[in-house]
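> can't give you the sequence, but here's the structure:
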C-alpha cells in the first residue's frame with residue numbers, strides 16, 4: 001500500500017453542489033460536514049455568476065482555514081488562486097495539470113478525475129497529481145452519464161502510491177466496500193448534503209466512523225493487514 005500524500009488525510013471528501021448547497025445554506029452545510037469530520041472540501045458550482053462564485057468561495061475558504069481543512073475549487077485554478085484555496089480538482093477536459101501547477105505553485109493540491117481507467121491515473125501521476133479520483137461506482141445524480149467503475153480499480157491504483165478517491169452515488173450504506181477496496185477518500189455530494197445541518201453532520205459522522213473502522217491507516221481499523 002502506498003504512503004498517503006502528506007498534504008491529505010484519509011476520510012470524507014465533501015463536495016458542494018449549488019442545487020443541494022445554495023448560497024443561503026452553503027456555509028452552514030459545510031460547517032456541519034466539518035463538525036462531522038470531513039477532511040477535505042471541494043467547492044463546485046457550475047451555474048452561478050463569476051461574482052457570486054468569488055464571494056462564496058472566499059467565505060468557504062475562510063471557514064476551511066479556520067477548521068484546518070483544505071478547500072479545493074472544481075475546475076477553476078484562477079478562482080482557487082484568487083481566494084487562496086489549497087488547490088483544484090480537474091477533469092480530463094479541463095485546463096491541463098501542468099498549467100494549473102504553474103498557476104498555483106508546487107504546494108497546491110491538484111486532484112485528477114480518472115474515471116474507471118488506470119492508464120489515466122498513471123498519466124496523472126507522471127504529470128504530478130496529488131490524488132487520483134475514480135468513479136462513478138454507483139448511480140449518480142450529479143454525473144449520471146459518467147462511465148461505471150469497478151472496485152478493482154481502487155485496489156490496482158494503490159500501486160501508484162497516491163491517495164485514491166472514490167466518487168459517484170456514494171452513501172453511508174454503500175461506502176464500506178469502497179474503503180475496503182482501497183479508497184483513501186470518499187467524495188460525496190448527495191449522500192451528504194441536502195438535509196438540515198443536523199442531518200448533514202450525522203451523515204458526515206457516519207462516513208468518518210466507516211473510515212475509523214475500515215481504513216488501513218486508522219488506528220482503530222479492524223481491516224489492517
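Nice, thanks for sending it over. Source: prediction; values computed, not measured. Residues are numbered from 1 along each chain as shown.

> quick one, strands of this protein?
11-15, 40-43, 71-74, 87-90, 109-113, 131-134, 164-167, 185-188 (DSSP state E).

> Pipe the ones you listed into a markdown table and attach distance to residue 121 and mean neighbour count per row.
For the C-beta atoms, the positions are set from N, CA and C on the backbone; glycine is no exception. Converted to a markdown table, the strands of the chain look like this (distance: least, C-beta to C-beta, whole Å; neighbours: other C-beta atoms under 10 Å):
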| stretch | distance to residue 121 | mean neighbour count |
| --- | --- | --- |
| strand 11-15 | 17 | 28 |
| strand 40-43 | 18 | 26 |
| strand 71-74 | 18 | 24 |
| strand 87-90 | 13 | 27 |
| strand 109-113 | 8 | 24 |
| strand 131-134 | 5 | 27 |
| strand 164-167 | 8 | 27 |
| strand 185-188 | 14 | 26 |
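
> Out of those, which is closest to residue 175?
strand 185-188 (5.3 Å; C-beta to C-beta).

> mean confidence for the closest one?
Averaged over strand 185-188, pLDDT sits at 97.

> Give me the residues contacting that strand.
The contact list for strand 185-188 (C-beta atoms under 8 Å, 6 or more residues apart in numbering) reads 8, 10-15, 39-40, 42, 131, 133, 135, 163-167, 170-171, 175, 178-179, 203, 207, 210-211.

> So what are the sheet partners of it and their directions?
Strand 185-188 has the following sheet partners, assigned by DSSP bridges: strand 11-15 (parallel), strand 164-167 (parallel).

> May I see those strands organised as TSV, with distance to residue 84 and mean pLDDT added?
Formatted as TSV, those follow (distance: least, C-beta to C-beta, whole Å; pLDDT from 0 to 100):
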stretch	distance to residue 84	mean pLDDT
strand 11-15	19	97
strand 164-167	23	97
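
> right, so of the ones you listed, which gets closest to residue 85?
Residue 85 sits nearest to strand 11-15 of all those, at 13.7 Å, using C-beta to C-beta.

> Just the angle for the closest one relative to strand 109-113, thanks.
Interaxial angle, strand 11-15 versus strand 109-113 (axes from the mean of the first three to the mean of the last three C-alpha atoms, to 10 degrees): 80 degrees.

> would a markdown table of the strands paired with strand 185-188 with distance to residue 149 be doable?
As requested, the strands paired with strand 185-188 are exported to a markdown table (distance: least, C-beta to C-beta, whole Å):
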| stretch | distance to residue 149 |
| --- | --- |
| strand 11-15 | 16 |
| strand 164-167 | 8 |
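
> low pLDDT regions in this protein?
1-4, 6, 143, 219-225 (pLDDT under 70).

> What ranges does it have for its helices?
Using DSSP state H, the helices found in the chain span residues 26-35, 50-67, 77-83, 97-104, 118-126, 152-157, 176-181, 197-214.

> Turn those helices into JSON lines, columns for distance to residue 190 and mean neighbour count.
Converted to JSON lines, these look like this (distance: least, C-beta to C-beta, whole Å; neighbours: other C-beta under 10 Å):
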{"stretch": "helix 26-35", "distance to residue 190": "12", "mean neighbour count": "21"}
{"stretch": "helix 50-67", "distance to residue 190": "19", "mean neighbour count": "16"}
{"stretch": "helix 77-83", "distance to residue 190": "23", "mean neighbour count": "20"}
{"stretch": "helix 97-104", "distance to residue 190": "27", "mean neighbour count": "17"}
{"stretch": "helix 118-126", "distance to residue 190": "24", "mean neighbour count": "16"}
{"stretch": "helix 152-157", "distance to residue 190": "20", "mean neighbour count": "19"}
{"stretch": "helix 176-181", "distance to residue 190": "16", "mean neighbour count": "19"}
{"stretch": "helix 197-214", "distance to residue 190": "10", "mean neighbour count": "19"}
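
> No more questions from me, cheers.
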